[in-house]
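Asker: any chance you could fold what I've pasted below:
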Amino acid sequence: MEAYKIPMNLRAAYLSMHRQTNAHLARFGVTADQFVCLLILAEEDGIIQQELVKRATSDPNTIRAMLVLLEKRGLVVRAPHPRDGRARIVTITEEGRQIFAELVSALEPVRNRLTAQIPEADAKTLNELLRRVVEAME
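Answerer: The predicted structure is shown next:
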């Protein structure tokens with residue numbers, strides 16, 4: 001019967017973390033979901049928009065809307081792909097990198113609360129279990 005609790009616990013954990021992240025990022029005018037886009041681009045810049053959709057585990061319309069907002073703020077730039085006219089390449093700007101560094105610092109209290117509850121060895125196990133959940137549901 002414990003397995004029946006997994007979906008609700010995953011949902012509760014996600015929503016709790018999402019709310020806390022949004023609260024800490026509000027003063028920057030960036031949402032948790034926009035932070036995810038910036039994080040992905042900070043790790044690997046110049047990826048196609050479809051790849052960003054996949055890595056963010058979101059849908060194309062949501063990512064597009066976020067990128068339009070981030071682009072208006074000068075945090076990212078979208079450009080046509082040189083070989084595929086349908087694709088767009090997304091790049092984080094220097095200003096985007098600066099804001100991203102501030103966002104990472106602003107989220108330190110959230111990370112600290114999480115790591116205080118989940119030791120590194122447990123975090124490794126939890127990440128593996130979550131990866132298995134994703135695989136099972138795809």
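
Asker: so where's this structure shaky on pLDDT?
Answerer: Per-residue confidence of the chain (counting by pLDDT under 70) places no residue in a weak region.

Asker: now do the buried residues in stretch 2-20.
Answerer: Within stretch 2-20, the residues that qualify as buried are Gln20, counting by 16 or more other C-beta atoms under 10 Å. Any C-beta I mention is one placed from the backbone N, CA and C, and that applies to glycine too.

Asker: let me fix that, I meant to ask about stretch 100-116.
Answerer: Buried positions in stretch 100-116, judged by neighbour count with 16+ other C-beta under 10 Å: Phe100, Leu103, Ala106, Leu107, Val110.

Asker: okay, and which of those residues map to helices?
Answerer: Where the buried residues of stretch 100-116 overlap with helices, as defined by DSSP state H, the overlap consists of Phe100, Leu103, Ala106, Val110.

Asker: hmm, back to that, tell me which of the buried residues of stretch 100-116 is nearest to Val133?
Answerer: The shortest distance between Val133 and any of those, using C-beta to C-beta, involves Val110 and amounts to 21.9 Å.

Asker: distance of Glu128 from Glu138?
Answerer: 16 Å (C-beta to C-beta, to the nearest Å).

Asker: which residues are in contact with the spatially most central residue of the chain?
Answerer: By C-alpha atoms, centre = their mean, the chain has its centre lying nearest to Val36, at 2.0 Å. Neighbouring residues of Val36 by C-beta atoms under 8 Å, 6 or more residues apart in numbering: Ala56, Ser58.
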